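Trainee: One predicted model, sequence on top.
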Amino acid sequence: MSKNKQLEELGPLFVKLVEIVARLRAPDGCPWDRKQTPQTLKKYVLEEAYEVVEAIEKDEPLEICEEIGDALFLLIFLAYLYEEAGRFRIKDVLTLCAEKMIRRHPHVFGEQTLSSAEEVVAQWQKIKEEEAKKKGLSRSSVLGNLPRTLPALQRAFRVGERASRVGFDWEKAEDLFDKLAEETSELKEALKKGEPHKIEEEIGDLLFTVANLSRKLSVNPEEALGKTVEKFIRRFTEMERRIQEKGGDLRETSLEEMDAVWEEIKREEEASK
């Protein structure tokens with residue numbers, strides 16, 4: 001099938017989704033859907049985004065397809081609520097998005113030529129600043145406007161990434177080991193003094209340093225931590241199963257016994273790699 005034919009098929013399908021939303025919101029539509037507002041939909045937007053990410057990690061095409069569909073439908077639903085309230089139209093969403101993407105890619109849709117992803121990022125930031133000026137806004141910060149609702153570890157990673165664009169960064173990853181030692185020492189000192197607020201602050205500093213170390217090593221800390229959590233759950237569940245299989249109960253099993261089973265599981269996993 002030609003690309004033009006594929007594009008022609010998308011229009012009616014998009015319209016169909018909008019029509020489904022309109023039907024659900026009609027007086028004789030679905031009670032649950034009629035009750036929703038932009039505020040009530042916020043948590044579902046986040047959930048659907050995470051479900052898309054989880055499907056991508058599993059790399060199951062059908063699941064990815066389904067989750068993208070769920071997220072897309074929810075965003076159409078959200079835009080429809082604003083159109084229904086007379087705030088803006090779904091057409092405005094599509095128009096503004098298309099115009100922005102074309103405007104921010106002059107190396108694709110214009111005469112400009114760029115040769116690296118780094119040049120594209122620098123140009124993107126410059127265009128954003130020019131857009132802000134045209135809107136009468138003050139010069140935007142290099143840090144931008146990262147959502148406060150981002151997971152804290154991911155937000156720390158992105159903040160460090162943006163600060164590094166203007167040279168506010170460690171020269172190399174190894175330099176951060178000294179910073180880790182410094183933050184660990186300050187945390188130990190806070191623990192000695194028994195200062196709850198200081199302990200919280202120092203743990204935050206330590207995590208922020210780890211996020212920056214991850215960035216310097218080209219590792220996404222959110223993804224790395226997620227994989228470690230999954231590994232812990234897998235090993236813990238297997239340890240629990242083995243102990244129960246022998247008639248034991250975790251609550252009555254000593255730490256030494258649990259450690260022995262844990263190490264056994266760990267050795268088996270490493271040997272199977």
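Mentor: On my side now, so go ahead.

Trainee: burial count for residue 267?
Mentor: Per other CB atoms under 10 Å, the neighbour tally for residue 267 reads 10. For glycine as for every other residue, the C-beta is placed from the backbone atoms N, C-alpha and C.

Trainee: list the contacts for it?
Mentor: Applying CB atoms under 8 Å, 6 or more residues apart in numbering, we find residue 267 in contact with no residue.

Trainee: so which strand or helix has it?
Mentor: helix 255-272 (DSSP states H and E).

Trainee: Break down the stretch 1-150 of the chain into its helices, ranges please.
Mentor: Taking DSSP state H, counting those that start in this stretch as the test, the helices found in the stretch 1-150 of the chain are 3-25, 31-35, 38-58, 61-84, 90-103, 106-109, 117-134.

Trainee: Likewise for the stretch 151-273 of the chain?
Mentor: Using DSSP H, counting those that start in this stretch, helices in the stretch 151-273 of the chain cover 152-164, 175-193, 196-216, 221-245, 255-272.

Trainee: Ok, which of these comes nearest residue 44?
Mentor: helix 152-164 (19.9 Å; CB to CB).

Trainee: so what does the closest one touch, helix or strand wise?
Mentor: Applying 3 or more CB pairs under 8 Å, 6 or more residues apart in numbering; DSSP states H and E, we find helix 152-164 packed against helix 196-216, helix 221-245.

Trainee: Compile these into JSON lines and extend it with columns for mean neighbour count, mean pLDDT and distance to residue 184.
Mentor: JSON lines is the format used below for the helices and strands packed on helix 152-164 (neighbours: other CB atoms under 10 Å; pLDDT from 0 to 100; distance: least, CB to CB, whole Å):
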{"stretch": "helix 196-216", "mean neighbour count": "17", "mean pLDDT": "97", "distance to residue 184": "7"}
{"stretch": "helix 221-245", "mean neighbour count": "14", "mean pLDDT": "95", "distance to residue 184": "17"}
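
Trainee: Make a markdown table out of those helices and add distance to residue 264.
Mentor: A markdown table is the format used below for the helices and strands packed on helix 152-164 (distance: least, CB to CB, whole Å):
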| stretch | distance to residue 264 |
| --- | --- |
| helix 196-216 | 29 |
| helix 221-245 | 8 |
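
Trainee: just so I know, which of these lies nearest residue 90?
Mentor: helix 221-245 (31.6 Å).

Trainee: now for that closest one, which elements pack on it?
Mentor: helix 152-164, helix 196-216, helix 255-272.

Trainee: could the ones you listed be laid out in a markdown table, adding distance to residue 135?
Mentor: Listed next are those as a markdown table, based on distance: least, CB to CB, whole Å:
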| stretch | distance to residue 135 |
| --- | --- |
| helix 152-164 | 20 |
| helix 196-216 | 30 |
| helix 255-272 | 54 |
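
Trainee: picking up where we left off before, would CSV of the helices of the stretch 151-273 of the chain with distance to residue 38 be doable?
Mentor: Below are these laid out as CSV (distance: least, CB to CB, whole Å):
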stretch, distance to residue 38
helix 152-164, 23
helix 175-193, 40
helix 196-216, 31
helix 221-245, 26
helix 255-272, 45
